[in-house]
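Student: sequence first, then the predicted structure, then my questions.
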Number of protein chains: 2
Amino acid sequence: MRASRVNKVLYLLVLLIVVMHGVVTASDDPLPSWNDSAVKTSIVTFVEQVTKEGSADYVPPPERIAVFDNDGTLWAEQPIYFQVQFALDRVKALAPKHPEWKTKQPFKALLEGDKKAFAAGGQKGLLDVLAMSHAGMTTDEFNGIVKDWLATARHPRFKRSYHELVYQPMLELLAYLRANGFKTFIVSGGGVEFMRAWVEKVYGISPEQVVGSMGKQKFEMRNGTPVIAKLPAVDFVNDKAGKPVGIQKFIGRRPIFAFGNSDGDQQMLQWTAAGSGLRFMGLVHHTDAEREWAYDRTSHVGKLGKALDEAMAKGWTVVDMKRDWTRIFPFDER
Amino acid sequence: MRASRVNKVLYLLVLLIVVMHGVVTASDDPLPSWNDSAVKTSIVTFVEQVTKEGSADYVPPPERIAVFDNDGTLWAEQPIYFQVQFALDRVKALAPKHPEWKTKQPFKALLEGDKKAFAAGGQKGLLDVLAMSHAGMTTDEFNGIVKDWLATARHPRFKRSYHELVYQPMLELLAYLRANGFKTFIVSGGGVEFMRAWVEKVYGISPEQVVGSMGKQKFEMRNGTPVIAKLPAVDFVNDKAGKPVGIQKFIGRRPIFAFGNSDGDQQMLQWTAAGSGLRFMGLVHHTDAEREWAYDRTSHVGKLGKALDEAMAKGWTVVDMKRDWTRIFPFDER
């Protein structure tokens, strides 16, 4: 063999090894932003067990339903729920057309910047404000407003669009589950129309796989064109004990995998845990004040106490953000 | 070459031709139970146009949402809605535990066999009866009851299980759409829990792709086990103007393909038609008293008048069952 030919063969062999190494490395670690800890092992072990054909724990693909809370689980929720900021901005934008709001609660509190008084109303208070302030608007119009807001509003601490504040490790987890035949759903206390405007682009979760709180709606003809109009009333609050009900209403089967971060997710985790066969229940514990925030039992958003106690008592997976995640946001340095 | 060897080669060639012919024929006609008519052409042309990359009518797969009414569109609905028969059978089965029903409407009418008085209550009356008679039961228990009923109840005319009375051409259409990247949904006035018990097996439509009427539900602990219990109240009626609302609530995007068979589907078809780009709107017209039933404008179930007028005025596809379908049920001879 001539030297040049030997070189060529060697070159191709090296190329092959480099390529193979890349492939093996990638498939070796589908969760690169997760530290190699017991938490990561609990996820990977679960997925390997339920997808291994012939194993006693095998779950056929149609039954591989995974549900995720959104606020504090897939994206951040401090200093206030992002949808609350959206509602604040909307009430301010609409206020000139509603002089009566200056003296009417909860609008008065909102316009005077009293976020705490407003936050005290919880998800229901937020939903009431959104329903009342957007009554009569069509669902298509509302969708456009949410998209405009996301394109222009900036988070006060990170000075970035709100949808950039999603958790890189969770994006990897969503992709990993889907690559293993899972169908991924959001099950959030947030408004379903608010989330559907952007979750497909950001999480790869299609609108029909979003379960959330919702306002009442009405089909009607406007100048001969059919529209769906928003009514000034809340229809369903998908929080706490509402979450398993939302799962049953919208999905119609019990998840085998559920991830949350607050006491509002406790019943969803209980419902998931109570099915037969292998199940995965996970909680994100916000422990990283430097890269994100640290809060739990006394927080005004994402309060985590009872669910954390149950998770520890029952051996559910608890992510310690500071310990388990090498990156928080996609824009963090690797 | 010896004669025996020539014969062998010829035999293999013939076999190959037969096999290839079968393959080509199968792929040539994904809708073998549809006569080659304008109706079939309208379906195939639509699917080819929206799936052809680079064409002006191209629709990306996530947007290929197809919705189907159930009663009278995917399965039969005569002589009474099959779910009404289920409700009748359930009320009879539960009557011994409810002596008060003997004097209380609508139970009295049902127990006395007055189906017409009951049918006058429409979908809402049916849902009320089911909600009241099954209050307190868990969703898992109800699912089992529906499955047991389907396994034992027989249709009065065909003496077959109710879920055998599905339309073979529609089974082919569902499969054809899915093979072309469509996501197929049921959008029915029927109860969502009633349908989810069997539609995956019968239509290949998963529970999370069923939109239907529903009763209120509650999450609670029973002896330490979390359950979802049915409450004695109707939550949502997915019929007429409720159908587009149901689509928006559960799917969150507008379908590009919709099939129905009655005036209860008119608004769903209008909502589908009003989107931008190419759309398909179809109606099944029951015209075959011999193989199935013939009914439309004056029928007590599946009344079809206003929607038929609109379909004809707007050029929507109308299936003439007798003319367009070579087979009705899977058990019909080919």
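Tutor: Sure thing, it's come through.

Student: quick check: chain neighbours aside, which residue is closest to the most centrally placed residue in chain A?
Tutor: What sits nearest the mean C-alpha location of chain A, by Cα atoms, centre = their mean, is A:Asn70, with 2.5 Å. Residue nearest to A:Asn70 in three dimensions, not counting chain neighbours: A:Ser188, with 3.7 Å by Cβ to Cβ, 6 or more residues apart in numbering or on different chains. Every residue, glycine included, has its C-beta placed from N, CA and C.

Student: the one you found belongs to a helix?
Tutor: No - judged by DSSP: H, G, I helix; E, B strand; the rest coil, A:Ser188 forms no part of a helix; its state is strand.

Student: how about the residues of the stretch 1-150 of chain A near chain B?
Tutor: Residues of the stretch 1-150 of chain A found near chain B (Cβ under 8 Å from any Cβ of the partner chain) are A:62, A:65, A:139.

Student: for A:Val318, which three-state class applies?
Tutor: strand.

Student: next up, the contacts around it.
Tutor: A:39, A:282-283, A:285, A:308, A:311-312 (Cβ atoms under 8 Å, 6 or more residues apart in numbering or on different chains).

Student: try it again with 6 Å
Tutor: Taking Cβ atoms under 6 Å, 6 or more residues apart in numbering or on different chains as the criterion, A:Val318 is in contact with A:283, A:285, A:311.

Student: on that earlier part again, just the buried residues of the residues of the stretch 1-150 of chain A next to chain B.
Tutor: A:65, A:139 (16 or more other Cβ atoms under 10 Å in any protein chain shown).

Student: which other residues reach the host helix or strand of A:Gln83?
Tutor: Assigned by DSSP states H and E, A:Gln83 belongs to helix A:82-94. Defining contact as Cβ under 6 Å, 6+ apart, one finds that helix A:82-94 is touched by A:107, A:110, A:126, A:129-130, A:133, A:149, A:162, A:190, A:194.

Student: got the residues of the stretch 201-334 of chain A near chain B?
Tutor: For the stretch 201-334 of chain A, the residues in contact with chain B (Cβ under 6 Å from any Cβ of the partner chain) are A:206-208, A:217, A:219, A:225-226, A:228, A:241, A:244-245, A:248, A:251-253, A:267, A:270-271, A:274.

Student: now, these that are in helices?
Tutor: Among those, DSSP state H puts A:244-245, A:248, A:267, A:270-271 in helices.

Student: pipe these into CSV and attach neighbour count, pLDDT and distance to B:Glu48 per row.
Tutor: Converted to CSV, those look like this (neighbours: other Cβ atoms under 10 Å in any protein chain shown; pLDDT from 0 to 100; distance: Cβ to Cβ, whole Å):
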residue, neighbour count, pLDDT, distance to B:Glu48
A:Pro244, 30, 98, 43
A:Val245, 25, 98, 42
A:Gln248, 23, 98, 39
A:Gln267, 23, 98, 47
A:Gln270, 21, 98, 49
A:Trp271, 24, 98, 44
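
Student: what is the nearest of those to B:Lys116?
Tutor: Proximity of those to B:Lys116 (Cβ to Cβ) peaks at A:Gln248, which lies at 33.7 Å.

Student: which ones are touching the residue lying closest to that closest one once chain neighbours are set aside?
Tutor: Residue nearest to A:Gln248 in three dimensions, not counting chain neighbours: B:Ile228, with 5.0 Å by Cβ to Cβ, 6+ apart. B:Ile228 is in contact with A:244, A:248, B:139, B:217, B:219, counting by Cβ under 6 Å, 6+ apart.

Student: between the residues you listed, which is nearest B:Asp235?
Tutor: Minimum distance to B:Asp235 across those is 7.6 Å, recorded for B:Gln217 (Cβ to Cβ).

Student: how close does that closest one sit to A:Val245?
Tutor: Look at B:Gln217 and A:Val245: by Cβ to Cβ, to the nearest Å, they are 5 Å apart.

Student: do A:Phe158 as well
Tutor: Taken as Cβ to Cβ, the span from A:Phe158 to A:Val245 is 35 Å.

Student: what's the answer for A:Asp265, then?
Tutor: 14 Å.

Student: swap in A:Val237?
Tutor: 10 Å.

Student: residue contacts, the nearest residue to A:Ser37 once chain neighbours are set aside?
Tutor: Closest residue to A:Ser37 apart from its sequence neighbours, by Cβ to Cβ, 6+ apart: A:Asp324 at 5.3 Å. Taking Cβ under 6 Å, 6+ apart as the criterion, A:Asp324 is in contact with A:35, A:37, A:39.

Student: show the pLDDT at the residue in the stretch 101-250 of chain A that chain B sits nearest to.
Tutor: Residue nearest to chain B within the stretch 101-250 of chain A (Cβ to the nearest Cβ): A:Pro207, separated by 3.5 Å. As predicted, A:Pro207 sits at a pLDDT of 97.

Student: was I right about it contacting A:Arg196?
Tutor: Yes - the pair A:Pro207 / A:Arg196 is scored as a contact, 4.1 Å apart, by Cβ atoms under 6 Å.

Student: neighbour count winner among these two?
Tutor: A count of neighbours by other Cβ atoms under 10 Å in any protein chain shown puts A:Arg196 above the other of A:Pro207 and A:Arg196, at 25 against 20.

Student: show me the contacts for the more buried one.
Tutor: Taking Cβ under 6 Å, 6+ apart as the test, what A:Arg196 contacts is A:207, A:210, B:252.

Student: nearest spatial neighbour of the second one, skipping sequence neighbours?
Tutor: Going back to what we said before, that points to A:Val210. A:Ile186 (4.8 Å).

Student: do the same with A:Ile247
Tutor: Per Cβ to Cβ, 6+ apart, closest to A:Ile247 is A:Val187, 5.9 Å.

Student: wait, the one you found sits on A:Gln209?
Tutor: No - using Cβ under 6 Å, A:Val187 makes no contact with A:Gln209, being 9.7 Å away.

Student: neighbour count winner among these two?
Tutor: Ranked by neighbour count (other Cβ under 10 Å), A:Val187 and A:Gln209 place A:Val187 first, with 29 against 23.

Student: show me what contacts the more buried one?
Tutor: So A:Val187 contacts A:67, A:211, A:243, A:247 (Cβ under 6 Å, 6+ apart).
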